[in-house]
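Colleague: Compute the structure for the input listed below.
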Amino acid sequence: MNNSMYIAATGMQMQQASVDTLANNLANVGTPGFKRSRVSFQDLVYRDMGGARTGQAGQVAAPAMWQGSGVGMAGIIKAFAGGELKQTGQALDFAVRGDGFFEVTAADGTPAFTRGGTLVVDKEGYLATSEGYQLRPAIHVGSEASELSVTAAGVVSAKLAGQSTASELGRIELARFADTSGLQAMGGNLYRPSATSGDAIYGAAGEGGMGTVAQGWLEGSNVNLVDEMVSLMVAQRAYESSVKVIQASDEMLAMSNNLRK
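Modeller: Sure thing, here's the model as predicted:
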């Protein structure tokens, strides 16, 4: 049986998955806080095509013949290398310098984590993401607060109505993970922990290995256009190679069918 077509087909499928992932990276090159993804491949199960033959005195006369079945996807891994920080001067733009995530409350009430972005004061007066997910622990600012400031240690202060000096409103805590590559992407720059990432490790900004909070800055995407374009061309060439294998196998089958005695 000619297995080359099926083996080449797995190569085409995996390279298509790689191209899709690269396309998503390129589409989000301007998305604040976006983290690039890459496809991890693994070879599929091998089959014994003949087995080792044993010669005299138990010595192996010929090695076993194992044939692979193609390639499969081991996973899609997020690379959490830091992106370039860009100064915006906006009081509600935040980024993390170094290791750490902001914790928010997702729509289903469970904790989610983000590297930052533009925050807002929601209708209840709490700091929240632009999608409406409140920071945890919750920090109430109020609609009439002014001159909001956040220190590198995450201390939030603002002038409240009727006050001439700023009052401390709370402190932003950060979270980090043993294996950030295991975080599950939810979209909207939000991530959820998994068994691979482990549970969140909480701490104050600037302490215990945590990064610091940068007010008036946004973290850019960590997508490198040159690297992504090179990877895209490599994936395209690998796809074309698999197509040529299928074409060659088809020609061999055609020649076999045309054999005459």
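Colleague: so G100 makes contact with E207?
Modeller: No - in this structure, G100 is not within contact of E207 by Cβ atoms under 8 Å, at 10.5 Å. Bear in mind the C-beta positions are built from the backbone N, C-alpha and C, glycine included.
Colleague: Leaving out sequence neighbours, find the closest residue to the most centrally placed residue in the chain.
Modeller: Taking Cα atoms, centre = their mean, the centroid of the chain lies closest to K78, which sits 2.5 Å from it. Nearest residue to K78 in three dimensions, chain neighbours excluded: K35, at 5.0 Å (Cβ to Cβ, 6 or more residues apart in numbering).
Colleague: Look at the one you found and give its secondary structure.
Modeller: Here K35 is recorded as coil under DSSP: H, G, I helix; E, B strand; the rest coil.
Colleague: cool, and S242?
Modeller: Looking at S242 with three-state DSSP, the answer is helix.
Colleague: shift numbering so it begins at 4
Modeller: Sure, I'll start counting at 4 from here, so that last one is S245.
Colleague: Touching, it and Q16? I think so.
Modeller: No - using Cβ under 8 Å, S245 makes no contact with Q16, being 9.0 Å away.
Colleague: Neighbour count for these two, which is higher?
Modeller: For S245 and Q16, the more surrounded residue by other Cβ atoms under 10 Å is S245, and the numbers stand at 23 against 16.
Colleague: Can you get me a residue count around A94?
Modeller: So A94, with other Cβ under 10 Å, has 15 neighbours.
Colleague: Please report the distance of V246 from I79.
Modeller: 23 Å (Cβ to Cβ, to the nearest Å).
Colleague: I10 now?
Modeller: Applying Cβ to Cβ, the value for I10 to I79 is 22 Å.
Colleague: ok, now T132?
Modeller: 24 Å.
Colleague: Just want to know which of these two has more residues nearby.
Modeller: Set T132 next to I79 and count neighbours by other Cβ under 10 Å: T132 wins out with 23 against 15.
Colleague: Surely that one touches E106?
Modeller: No - at 11.0 Å, T132 does not count as touching E106 under the criterion of Cβ under 8 Å.
Colleague: so what's in contact with these two at the same time?
Modeller: Jointly contacting T132 and E106 under the rule Cβ atoms under 8 Å, 6 or more residues apart in numbering are L138.
Colleague: Break down the stretch 4-153 of the chain into its strands, ranges please.
Modeller: Listed in chain order, the strands of the stretch 4-153 of the chain (DSSP state E, counting those that start in this stretch) span residues 40-46, 49-51, 56-57, 63-65, 69-71, 74-81, 88-90, 96-100, 104-108, 114-117, 119-124, 130-132, 138-139, 149-153.
Colleague: what's the closest of those strands to N192?
Modeller: Taking Cβ to Cβ, strand 114-117 is the member of the strands of the stretch 4-153 of the chain nearest to N192, at 5.2 Å.
Colleague: about what we covered before: so G103 and E210 - more neighbours on which side?
Modeller: Per other Cβ under 10 Å, whichever of G103 and E210 has more neighbours is G103, with 27 against 11.
Colleague: Is the residue nearest to that one when sequence neighbours are not counted part of a helix or strand, or is it coil?
Modeller: Excluding its sequence neighbours, the residue lying closest to G103 (Cβ to Cβ, 6+ apart) is L177, at 3.5 Å. Per three-state DSSP, the secondary structure class of L177 is strand.
Colleague: Just the buried residues of stretch 138-154, please?
Modeller: L138, R139, I142, V144, A148, L151, V153, T154 (16 or more other Cβ atoms under 10 Å).
Colleague: Specify which member of the residues you listed is nearest to V216.
Modeller: Closest to V216, out of all of these and judged by Cβ to Cβ, is V153, at 5.6 Å.
Colleague: quick one, what contacts the closest one?
Modeller: With Cβ under 8 Å, 6+ apart, V153 has these contacts: F97, V159, S160, I175, V216, Q218.
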